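**Q** sequence first, then the predicted structure, then my questions.
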Amino acid sequence: MPNFNTRIFWLYLTITLSIIAIVMAVFSLSHGINDIFPYFFLLPMLIVIYAFPQRGILFTLAMGWIYLTLVYVFGTISIRVIAAHTAWFYIYVSLGVVISSFVESSRRDKEHVEQIKREAFQKIEHNMEQFAMLSDQIRNPLQAIMLYSDENSDAEVKGRISHQIQIIEKILDTIDESYLESEKIRKFLRKYCDFQKK
């Protein structure tokens, strides 16, 4: 999570929900209720896995051990109860490992895609600058060729050169139109896709 305030929010929410889960476990175990309170431990675990995936496994392990400790301290000891709560411990740890790995992998993929998009946008900007310069560099020699053809006394040669220059100028005009369209797209990307100038 890039935003510091968002991280603080998730941290406070996790602490609050963890305390609620522990209090519910103590209350339930003290009153012989064994079926409902394990679900309260899932919510803070899932929040940590989502908000802090690199810490998800450690947090689920810690909450799992707290859970088991509460069962042994406040619960009624029987083989069925111990087996059920030990199974919950393994469910917590398994969820932590699987979901944390998935979330972390998905975040890395997203960052990689963003990096590729930034590099592609920079390459587009570089190519557009090159096209603009290239167009100017081609027009300047064309002007010189036109001047030299005007000095030529042979009307047929002069007409052929002039015709070829007109073809090249039409091609350059098409390139200029494409450049203007690309400029509109570039402005759109800067505005709506959070791409900035180099």
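**A** In hand now; what should we look at? Numbers count the residues shown, from 1 in each chain.
**Q** from here on, contacts and neighbour counts on C-alpha atoms
**A** Will do.
**Q** outline the domain layout of this protein.
**A** Annotated domains of the chain cover 4-111, 114-192 [automatic domain parsing].
**Q** just name the most buried of these.
**A** domain 4-111 (a mean of 17; mean count of other Cα atoms under 10 Å).
**Q** straight-line length of that domain, end to end?
**A** Taking Cα to Cα, to the nearest Å, domain 4-111 runs 18 Å from one end to the other.
**Q** may I have the phi/psi pair for the spatially most distant residue from the centre of the chain?
**A** The centre of the chain is farthest from one residue, Ser153, which by Cα atoms, centre = their mean lies 65.9 Å away. With angles defined as degrees, to the nearest 10, Ser153 sits at phi -80, psi -20.
**Q** roughly how far apart are it and Ala144?
**A** As for Ser153, its distance to Ala144 is 16 Å (criterion: Cα to Cα).
**Q** swap in Ile79?
**A** 98 Å.
**Q** swap in Trp10?
**A** Trp10 is 68 Å from Ala144, by Cα to Cα.
**Q** got CSV for the domains of the chain, with mean pLDDT too?
**A** Listed next are these as CSV, based on pLDDT from 0 to 100:
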stretch, mean pLDDT
domain 4-111, 87
domain 114-192, 78
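**Q** just give the closest residue to Ile161, not the sequence neighbours.
**A** Ser149 (6.8 Å; Cα to Cα, 6 or more residues apart in numbering).
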